[in-house]
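S.K.: task: produce atomic coordinates for the following.
(one chain, ligands or ions: 1)
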Amino acid sequence: MIALINGLLALLRFAIGACVFSFINVVICRLPHGESVVRGRSHCPACGRTLTARELIPCVSFLIQKGKCSGCGSRISGRYLLGECIGGLAFLGCGAWFGYGEWGLLSLRGLLAFAYLAILMAVAGIDWDTRIIYDRFHIAILLLGAAALWLFPEHGFFDRLIGAGAVALPMLGLALCVEGAFGGGDIKLMAASGFLLGWKAIVVAMFLGLVSGGTYCLWMLARKRLSRKDRFAFGPFLAVGLAAALFWGDAIAKWYLSILQ
Ligand SMILES: [Zn+2]
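M.R.: Alright, predicted model coming up:
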């Protein structure tokens, strides 16, 4: 019986996360086109038909419709399903890692972490499509950093201040010397995130971002899908590194520093 209740609770938590990230999918689609993210019903991008309630259930609708619009039959991008699944897992991960609170929902620490992951998802999606990271996301991360001063007191103000510069300043220096090394949006993302995560985790995030971005780049070069002159959005890989560092950044830094001694 307890297993059943726990299973249902996990499903409910997954569903809440999937719903929030379903909204992030809308933000990713609409914001670059200057469309309102709250007004206007969801519609099929191919035929323009307004979606019914049955077609708006995160994860479930996509699977029932086998990834096709039930009006015109055109393919729906698997990104929507991917984003919703990441949202569900993000909610469960934040709860397991940072604790659940009242009504079995997220604690304030968990909520802050989940909000950060939602912002990273929007940043990654929009940067992938348009190679732009909007300043409003940097500001939102800074506001989370201010709240983290209170919710995550294990990282003091100076730890965060050093974190803001630890990765962003070398990136800025490199960008000034080598044209196009990093975009301004990437640098600001690492500055704001450094203030949120602290200096150790932000260095780990940069390392993971470089490894994942570098691996992707080599893979694309090997498949001749990318030439040496091409540029690709680095934001999504930074977002992957930042998301991982949110959970394991301090532990990885501690482990690394321990083997140095
Ligand atoms: Zn359609």
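
S.K.: C-alpha only now, for contacts and for neighbours.
M.R.: Noted.

S.K.: any regions of this protein where pLDDT drops low?
M.R.: 228-229 (pLDDT under 70).

S.K.: show me where it has its strands.
M.R.: Applying DSSP state E to the chain gives no strands.

S.K.: near the ion, which residues of it?
M.R.: For the chain, the residues in contact with the ion (C-alpha under 5 Å from the ion) are 44, 47, 69, 71, 72.

S.K.: how about a cut-off of 6 Å?
M.R.: By C-alpha under 6 Å from the ion, the part of the chain that sits against the ion consists of 44, 46, 47, 69, 71, 72, 74.

S.K.: isn't the last one right next to residue 68, touching?
M.R.: In this case it means residue 74. Yes - Residue 74 lies in contact with residue 68 (C-alpha atoms under 8 Å); the separation is 5.5 Å.

S.K.: neighbour count: those two, which is higher?
M.R.: Neighbour count, other C-alpha atoms under 10 Å: between residue 74 and residue 68, residue 68 has more, with 18 against 14.

S.K.: for the ion, what is the nearest residue in the stretch 51-200 of the chain?
M.R.: Minimum separation of the stretch 51-200 of the chain from the ion (C-alpha to the ion) falls at residue 72, amounting to 4.1 Å.

S.K.: isn't that residue up against residue 45?
M.R.: No - if you go by C-alpha under 8 Å, residue 72 and residue 45 don't touch, sitting 10.4 Å apart.

S.K.: identify the contacts common to the two.
M.R.: Residues touching both residue 72 and residue 45 (C-alpha atoms under 8 Å, 6 or more residues apart in numbering): none.

S.K.: can you give me the helices for the chain?
M.R.: For the chain, helices defined by DSSP state H occupy the ranges 2-30, 60-64, 78-98, 108-130, 135-151, 157-166, 168-177, 184-197, 199-222, 235-260.

S.K.: make a markdown table out of the ones you listed and add distance to residue 54 and mean neighbour count.
M.R.: Below are the helices of the chain laid out as a markdown table (distance: least, C-alpha to C-alpha, whole Å; neighbours: other C-alpha atoms under 10 Å):
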| stretch | distance to residue 54 | mean neighbour count |
| --- | --- | --- |
| helix 2-30 | 14 | 18 |
| helix 60-64 | 7 | 15 |
| helix 78-98 | 15 | 20 |
| helix 108-130 | 24 | 22 |
| helix 135-151 | 31 | 17 |
| helix 157-166 | 44 | 20 |
| helix 168-177 | 45 | 16 |
| helix 184-197 | 37 | 26 |
| helix 199-222 | 36 | 19 |
| helix 235-260 | 31 | 18 |
